[in-house]
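Asker: let me see the structure of the following:
(3 chains)
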Amino acid sequence: MKIFSSQILFESKKENHLIDFSSQVEAELKKSKLKEGIVFLFAVGSTGALTTIEFEPGLQKDFPEFLDRIIPKGKYQHDLTWHDGNGHSHVRASLLKPDLFIPFSEGKLLTGTWQQIVFVESDNKPRNRKIEVKIMGE
Amino acid sequence: MKIFSSQILFESKKENHLIDFSSQVEAELKKSKLKEGIVFLFAVGSTGALTTIEFEPGLQKDFPEFLDRIIPKGKYQHDLTWHDGNGHSHVRASLLKPDLFIPFSEGKLLTGTWQQIVFVESDNKPRNRKIEVKIMGE
Amino acid sequence: MKIFSSQILFESKKENHLIDFSSQVEAELKKSKLKEGIVFLFAVGSTGALTTIEFEPGLQKDFPEFLDRIIPKGKYQHDLTWHDGNGHSHVRASLLKPDLFIPFSEGKLLTGTWQQIVFVESDNKPRNRKIEVKIMGE
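Answerer: Numbering: from 1, shown residues only, chains lettered A, B, ... in the order given. The predicted model follows:
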């Protein structure tokens, strides 16, 4: 078994921006030349998270609306300390967690046809984002 | 270190069906002949997810009731596009995420006594399900 | 690639106790002598979970308050079976999940500056807790 390390970088446009970066993950997998194993993804920072979703326009609204509803903006102890108004962003990111792995075989990701890999921007402003990528396999 | 690849297949009976597939994971681990490492599990598809739970009858109702409460059936943008009435299913699966790993030592899973490995069927109908299994270790 | 196995032990003080054990993870990473790879963490038991968070006093209140709000104490089927009053604890732990991985390079964790590794005590009493640690890399 070998390990391949890289990073995926992108810029989020606004709070609740869902970014489908599946094709960038596939590109890193191709670079690694590994055929059988797992891609490990980690979102650096405490106001963004990773998951999978069917990346169609409806769910791109539904999923953030769900987060807005169960973790609304408002008064959080975090804001009283830092006054940056993003207490809800931290709670959302800690709920969803920053780590996600995707297995692959024959050099192809084993996600479903309607299952894309997404970054969930939970911060209240555009951010430059970094995903640490480790691919383990043979 | 080596990698062992396989799949676990089963059929869910209905929405909110929690399926304890711990014994199938143990069977794959035995087949791998690995003694020290990690079992990586990935639920293929965007309306099912993995987690651990104490698999007793009470929690088999409590956990889905929690999901019903915070992500109720109803109007989602996803449904307006696809008219399949499962917008809530996608939101639930993206919240819980499809990936889960379980470490093992001496050929045995390191889960707690009351901690079983479950698939959470979030779709609104029975489905044939596939879990991709990768076991890494020595 | 090699695998290093160990455990991290600590005692939680009360329900909703967030424990930052980042420095213990760093200590295990140092012991492993591995420079490039991934630390895999698994919380044994069905009433505790792992995530990352900015570990400052405000969020140490905000995150548990969020859990209290969406999964309140009260009547759960689990309690009717076991009468231990911790049905909500199980639901919270299954939502957050027990597994978390953190990549590292040059012997250092790749978490953000404001992103600590935490155990979330969801049980309704102090507990002795065990985190299984597997470090894979080279």
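Asker: give the contact list for residue A:68.
Answerer: By CB atoms under 8 Å, 6 or more residues apart in numbering or on different chains, the contact set of residue A:68 is residue A:16. Every C-beta, even on glycine, is put in place using the N, C-alpha and C of the backbone.
Asker: ditto for residue A:118
Answerer: Going by CB under 8 Å, 6+ apart, the list of residues near residue A:118 reads A:18-21, A:50-53, A:55.
Asker: the helix or strand residue A:63 falls within to helix B:57-70, inter-axis angle?
Answerer: Residue A:63 is part of helix A:57-70, with elements assigned from DSSP states H and E. Between helix A:57-70 and helix B:57-70, the angle comes out at 100 degrees (axes from the mean of the first three to the mean of the last three CA atoms, to 10 degrees).
Asker: any buried residues in helix A:57-70, and which?
Answerer: Going by neighbour count (16 or more other CB atoms under 10 Å in any protein chain shown), the buried part of helix A:57-70 is A:58-60, A:62-64, A:66-67, A:70.
Asker: residue contacts, residue A:132?
Answerer: So residue A:132 contacts A:5, A:7, A:41-42, A:44, C:103, C:110 (CB under 8 Å, 6+ apart).
Asker: each with direction, which strands does the one helix or strand it maps to pair with?
Answerer: In this assignment (DSSP H and E), residue A:132 forms part of strand A:128-137. Applying DSSP bridges, strand A:128-137 is found paired with strand A:2-11 (antiparallel), strand A:37-43 (antiparallel).
Asker: give me the pLDDT value at residue A:40.
Answerer: The model reports residue A:40 with a pLDDT of 98.
Asker: for it, which non-adjacent residue is spatially closest?
Answerer: residue A:134 (4.5 Å; CB to CB, 6 or more residues apart in numbering or on different chains).
Asker: any idea how many residues pack against that neighbour?
Answerer: 26 (other CB atoms under 10 Å in any protein chain shown).
Asker: so, low pLDDT: which residues of chain A?
Answerer: Counting by pLDDT under 70, chain A contains no low-confidence range.
Asker: near chain C, which residues of it show up?
Answerer: Proximity of chain A to chain C (CB under 8 Å from any CB of the partner chain) is limited to residues A:1-3, A:5, A:40, A:42, A:44-46, A:70-71, A:76-82, A:87, A:90-91, A:93-95, A:97-99, A:101, A:132, A:134, A:136.
Asker: narrow these to those that are buried.
Answerer: Using 16+ other CB under 10 Å, the buried ones in the residues of chain A next to chain C are A:1, A:3, A:5, A:40, A:42, A:44-46, A:70-71, A:76-79, A:82, A:87, A:90-91, A:93-95, A:97-99, A:101, A:132, A:134, A:136.
Asker: count of neighbours near the residue lying closest to residue A:30 once chain neighbours are set aside?
Answerer: The shortest distance from residue A:30 to any residue other than its chain neighbours is 7.2 Å, reached at residue A:107 (CB to CB, 6+ apart). Neighbourhood size, residue A:107 [other CB under 10 Å]: 15.
Asker: how near is residue A:107 to residue C:86?
Answerer: 46 Å (CB to CB, to the nearest Å).
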